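*Asks:* Compute the structure for the input listed below.
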Amino acid sequence: MDQPTRTRRVIAAALALYIAFVFVQSLFFKFSDSPETQYIFGTLDAWGASLGVPGLFARSGPFSQYVVGSAELVASALLLGGLFLGRALLSALGALLSLGVISGAIFFHLFTPLGVQVRNTDGSLDGGQLFALACGVWLAAAGLLWLHRGALTGLLAARRRVAA
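*Replies:* Residues are numbered from 1 along each chain as shown. Predicted structure coming up:
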């Protein structure tokens, strides 16, 4: 195997593992209704209600912690499946879903009362750790998409041929 191909695979694997690690470790908090998750989604739900969209981030809302957590779980499964099965398209789709989910998270950190620093259960601020992880996931997903861009363009080209 030539060096650029090997290096590219190692980088892609590291990026996929980083994203999956961040997403999977957050699932416990989202699915167990932890106080941190209640604070985050409660803050977002109050913000949504102030804009006339109550319940948007509530437990049964369309952007609840369970919906977001499920999307993160699917993205992680695609990323890990792509990595372990050697399927670049699965990794690319996982990266695309990751980029969508994490772009939303970054938006809500920056443009809502949630803020860059999130309040911990003891009342202290997290120092921006959650936001920093989100930025890292965004960069990793964008990098993975770039590395696997050929798989996505191949899929789009195949779809165009079928549609024509």
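*Asks:* need the longest helix for this protein.
*Replies:* helix 3-31 (DSSP state H).
*Asks:* For that one, buried residues please.
*Replies:* By 16 or more other CB atoms under 10 Å, the buried positions in helix 3-31 come out as 12, 13, 15, 16, 18, 19, 20, 22, 23, 26, 29, 30. (Each C-beta comes from the backbone N, C-alpha and C, glycine too.)
*Asks:* Tell me where the protein is predicted with low confidence.
*Replies:* By pLDDT under 70, the low-scoring segments of the chain are 1-4, 164.
*Asks:* Would you map the strands across the protein?
*Replies:* Under the criterion DSSP state E, strands are not mapped anywhere in the chain.
*Asks:* hey, where'd the helices end up in it?
*Replies:* 3-31, 35-50, 65-85, 88-111, 129-147, 149-163.
*Asks:* looking at those, which is closest to residue 121?
*Replies:* Distance to residue 121, taken as CB to CB, is lowest for helix 35-50 among these, at 4.3 Å.
*Asks:* Show me what the closest one is in contact with.
*Replies:* Helix 35-50 is contacted by residues 29-30, 54-59, 61, 63-65, 108, 112-114, 118-121 when judged by CB atoms under 8 Å, 6 or more residues apart in numbering.
*Asks:* rerun at 7 Å
*Replies:* With contact meaning CB atoms under 7 Å, 6 or more residues apart in numbering, helix 35-50 is reached by 29-30, 54-58, 64-65, 108, 112-114, 118-121.
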